[in-house]
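Engineer: Next come a sequence and a model predicted from it.
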Amino acid sequence: MLDLTFPNLNDKQREAVFTTDGPLLILAGAGSGKTTVLVNKVAYLIEGKGVKPYNVLAITFTNKAASELKTRLNAMLGQSGEGIWASTFHSACMKILFRDIKKINYPENFCIYDTADSLTVIKECLKELNLSDKIFPPKQVRSAISRAKDELLFPDEYENICDGDYRLSQICKIYRLYNDKLKTYGALDFDDIIMLTVLLLEQNPDVLSFYQSKFKFVLVDEYQDTNHAQYRLVSLLAGKHRNLCVVGDDDQSIYKFRGADIENILGFEKQFPEAKTIKLEENYRSSQNILDAANNVIKNNSERKSKRLWTSKGEGEKITLFKGQTEYDEARFIVEKIELSAKSYNDFAVLYRMNSQSRVIEDALTRAAIPYRVLGGLRFYDRKEIKDAIAYLRLIFNKNDNVSLKRIINEPKRGIGKTTVQYAEDLSAQLGISMFDVCKKARLYPTLERSRARLEQFCAMIEGLGGIEQQPFDAFVKEVLIQTDYIPALEAENSIESITRLENLYELISSAKEYEQSADEPSLSGFLESVSLVADVDNYDEAQNAVVLMTLHSAKGLEFPTVFIAGAEEGVFPSLLSTASNEELEEERRLCYVGITRAKEQLYITHAGTRTLFGSTKHNRLSRFIEEIPSSLIENLTSSLIAPKQATVATAYAKTNILSPAAKPKKPAMSFSAGDTVLHKKFGNGVIINAINVGNDYHLEIAFESCGTKHLMAAYANLTKL
DNA sequence: TGCGGTGGGTTTTTT
DNA sequence: ACCCACCGCA
């Protein structure tokens, strides 16, 4: 039973829960229990004030946050919580759009383009407008358009701000064409999902008033990360009842480069003069030393609401600073600390500024046979084979989707080459009909004569697949991949790479099954939506016993007993590209604040005297952010303990190996012995002639069928035993 | 149509 | 150092 006096909350948290009416700004410092407040507040609304669940809208940024909210509400409220809209910005908007998108003249069977798909369209636009991709780099153009959409500027409005500027007006031209193309393809990009929802609400008073009446209480998490469009959306939805509760931390705003407008949170009290503000400053996560370090760093920022985190926990461990000679040395230190600790692997996170920093650390972990996972980098849904599979499904669902058609029309090879595709694309643009229709009626167009039979066959195949969309959804997906010859072609290839791809495809098929089991009304469009709107962190499973590696950005919202911040160097963190402007520097500093406050018990900060960066060797000074931490909080391991100046990387590694075996029993790496048949990524099949156990690793002599005998270390070779 | 070589450009990215 | 996009050849 829910105790409506909320004895487990502190005074401030309780005040935040009980303040239900009118605008409320909750400034929640890192680790101050904001999700708890949010959950309890919704519970109080429903159980304490008799609010109906369907009158509550709770918005988050990530699926992970949304599902955590749902799970905790479910645990607290059970059945009476059914009907609450607890979802991300994008999926809430998708629900609104599904009902009424036709009112703004968009097709109902639209699909969602991710950033890679958008880029394809941008490139089409550049080609069509005869603009050079050297002068207008597609990625820059895409981000300019994305920013415009964040600001709710349609091409017409964007034109006004171009003010005769050549570059901007060209970008505006691209923007216009890009939007036209998306519309004819029946596609929305991520930004459209928000922007068009705002448009729909603004242009249709009946729709707006429906949702305004429905959402008597609106709660928004991570408000510091909202952009202008999201701000507008929230203002519209909460416009009638004005029971808007926003939770955020201006010190954790790290997505300005994506259009997040910190003014939304800083100016909340201006927007709603009657607003109440509650600060949550008691931290339940970290030791005082860690909080002091964070406070001392962040206080150097000028534009912020003052806040000071405190805890009733003790001082805790000092923060450890380590300077390695090189990045290899740095990685070795991290691995050694993990090996020597009694904690389990999933208590550790290694955070860095750039994804490219992970490689060296991964190598060191592999060498020590420590299980790890890397978040970020290539997402599952960004893999080629997965994107191809989705493209087939999208095309079956929506024949206007030229981007998907282009992606798979010759994948696997069907003898439909670049030239043919280009002809079809030109015809599609000239005639204003889809490429699919052009290909289907290839006989009408002389330029397509040579490929006519193959094009017609392709179209017939796709249309045929639309007819078999029957019961078990995973079976349908599989059938599509078989009938299109996609899976058979990979099977025929029978290489290491094709096997991995097949594995990924089967994973997609099983996710189709999961989708069907969990969705209320499973549909192809619903599945496509669900795969379009997932992020990598969403799949981060903290239960898995492995060290986790990720960027500082991805770490927001997570916590770990022990955190390493690697690469604390000028030019790396803060990034070289941020050091020019103070605004960007302050954003980097907030990123540092986020990083520090992820740690519960122990924080290690590492840097390297020499680092190879973008191909050249750099000597970077210690990060200015670390200089901002009082030295009384830091224990400097740099010159003591493990790293005598003359130590080479090799001897340092040798030392690791001497130290580690006694440290802790750990999962032995895969074992190898002479006579085993193994598979290597590059060299193919081979037989082990000789295997020597070296520490946690094996030194192997392998006779490969393709290229003779090679000497390899098992940890590096990434072998599969056959 | 499909490949291999060359050259330019490098952050972060909840959806 | 590595990844990509583009060009030239088989």
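Structural biologist: Received, thanks.
Engineer: Could you use CA atoms for every contact and neighbour count after this?
Structural biologist: Noted.
Engineer: Tell me, how many residues neighbour the residue lying closest to residue A:223 once chain neighbours are set aside?
Structural biologist: Distances taken as C-alpha to C-alpha, 6 or more residues apart in numbering place residue A:248 nearest to residue A:223, at 4.8 Å, with adjacent residues excluded. Around residue A:248 sit 23 other residues, with neighbours defined as other C-alpha atoms under 10 Å.
Engineer: what's the answer for residue A:482, then?
Structural biologist: Using other C-alpha under 10 Å, the number of residues around residue A:482 comes to 13.
Engineer: number of nearby residues for the closest residue to it other than its chain neighbours?
Structural biologist: Computed as C-alpha to C-alpha, 6+ apart, the closest residue to residue A:482 that is not its neighbour in sequence is residue A:488, at 6.3 Å. A total of 14 residues lie near residue A:488 under the criterion other C-alpha under 10 Å.
Engineer: Assign residue A:488 to one of the three secondary structure states.
Structural biologist: helix (DSSP: H, G, I helix; E, B strand; the rest coil).
Engineer: separation between it and residue A:407?
Structural biologist: Going from residue A:488 to residue A:407 by C-alpha to C-alpha, to the nearest Å gives 18 Å.
Engineer: now do residue A:311
Structural biologist: Plainly put, residue A:311 is 54 Å away from residue A:407 if you go by C-alpha to C-alpha.
Engineer: How about residue A:637?
Structural biologist: Taking C-alpha to C-alpha as the criterion, residue A:637 is separated from residue A:407 by 53 Å.
Engineer: circling back: my guess is the residue nearest to residue A:223 contacts residue A:226. True?
Structural biologist: No - the pair residue A:248 / residue A:226 is not scored as a contact, 9.9 Å apart, by C-alpha atoms under 8 Å.
Engineer: Tell me which helix or strand residue A:498 sits in.
Structural biologist: helix A:496-518 (DSSP states H and E).
Engineer: Determine how far that helix lies from the middle of the whole chain.
Structural biologist: 20 Å (C-alpha atoms, centre = their mean, to the nearest Å).
Engineer: packing partners for it?
Structural biologist: Contacts defined by 3 or more C-alpha pairs under 8 Å, 6 or more residues apart in numbering; DSSP states H and E place helix A:496-518 against helix A:384-397, helix A:473-483, helix A:486-493.
Engineer: Extract the C-alpha set from that helix and format it as CSV.
Structural biologist: Output of helix A:496-518 as CSV, limited to C-alpha atoms (Å, rounded to 0.1, in the frame of the first residue of the first chain):
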residue,chain,number,x,y,z
ILE,A,496,33.3,-14.9,-41.2
GLU,A,497,31.7,-11.6,-42.0
SER,A,498,28.6,-13.1,-43.6
ILE,A,499,28.2,-15.4,-40.6
THR,A,500,28.2,-12.4,-38.2
ARG,A,501,25.7,-10.7,-40.4
LEU,A,502,23.4,-13.7,-40.4
GLU,A,503,23.7,-13.8,-36.6
ASN,A,504,22.6,-10.2,-36.5
LEU,A,505,19.7,-10.8,-38.8
TYR,A,506,18.5,-13.6,-36.6
GLU,A,507,18.7,-11.3,-33.7
LEU,A,508,16.5,-8.9,-35.6
ILE,A,509,14.1,-11.7,-36.3
SER,A,510,13.9,-12.5,-32.7
SER,A,511,13.4,-8.9,-31.8
ALA,A,512,10.5,-9.0,-34.2
LYS,A,513,9.1,-11.8,-32.1
GLU,A,514,9.6,-9.9,-28.9
TYR,A,515,7.9,-6.9,-30.4
GLU,A,516,4.9,-8.9,-31.4
GLN,A,517,4.6,-10.3,-27.9
SER,A,518,4.9,-7.0,-26.1
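Engineer: For that helix, list every residue counted as buried.
Structural biologist: A:498, A:501-502, A:504-506, A:508-513, A:515-516 (16 or more other C-alpha atoms under 10 Å).
Engineer: Check whether stretch A:220-236 comes near DNA strand B.
Structural biologist: Yes - Stretch A:220-236 reaches DNA strand B (C-alpha under 7 Å from any atom of the strand) through A:225, A:226.
Engineer: got the end-to-end distance for that stretch?
Structural biologist: Start and end residues of stretch A:220-236 are separated by 13 Å (C-alpha to C-alpha).
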